[in-house]
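A.B. asks: Return atomic coordinates for the entry below.
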Amino acid sequence: MDDSILQSCNETELLAIARRQGLGILRRGLPRELILGVVSGVLAMKHEYLAGTQETRALLESYIFRNYSITRSQLPGCTGKCSTYNCSDGRHAVCFSPNAGEVQ
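C.D. replies: Below is the predicted model of the structure:
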């Protein structure tokens, strides 16, 4: 990807690009230069750059699948694929938090 295009992207756009590249869900608040480096391939991806929601997304996805007839009306626009759907970390937290006891 052209670095000049990357320079014009905001943090949300850069995080979305990283996700589409298969790098995972990066943490918000990482230094911009670090995100740019990872997305452009200049810097190697490290585990500490990840948001840490992969586990809770997988748990929530499993819960939604087991209870889809109940949950689908409560989650408009949700595909039930928490590990691949483009929910932000904040949206994921709003969905996961009230259900944490039942999900685990």
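A.B. asks: Could you list the buried residues of the lowest-mean-pLDDT helix or strand in the chain?
C.D. replies: In the chain, the helix or strand scored least confidently by mean pLDDT, DSSP states H and E is helix 68-71, which has a mean of 79. Residues of helix 68-71 classed as buried by neighbour count (16 or more other CB atoms under 10 Å): residue 71. For the C-beta atoms, the positions are set from N, CA and C on the backbone; glycine is no exception.
A.B. asks: Look up how far residue 64 lies from residue 72.
C.D. replies: Between residue 72 and residue 64 the computed distance is 8 Å (CB to CB, to the nearest Å).
A.B. asks: Pull up the overlap in contacts between these two.
C.D. replies: Listed as contacting both residue 72 and residue 64 by CB atoms under 8 Å, 6 or more residues apart in numbering are 78, 80.
A.B. asks: Please compare those two by neighbour count and tell me which comes out ahead.
C.D. replies: residue 64 (22 against 13; other CB atoms under 10 Å).
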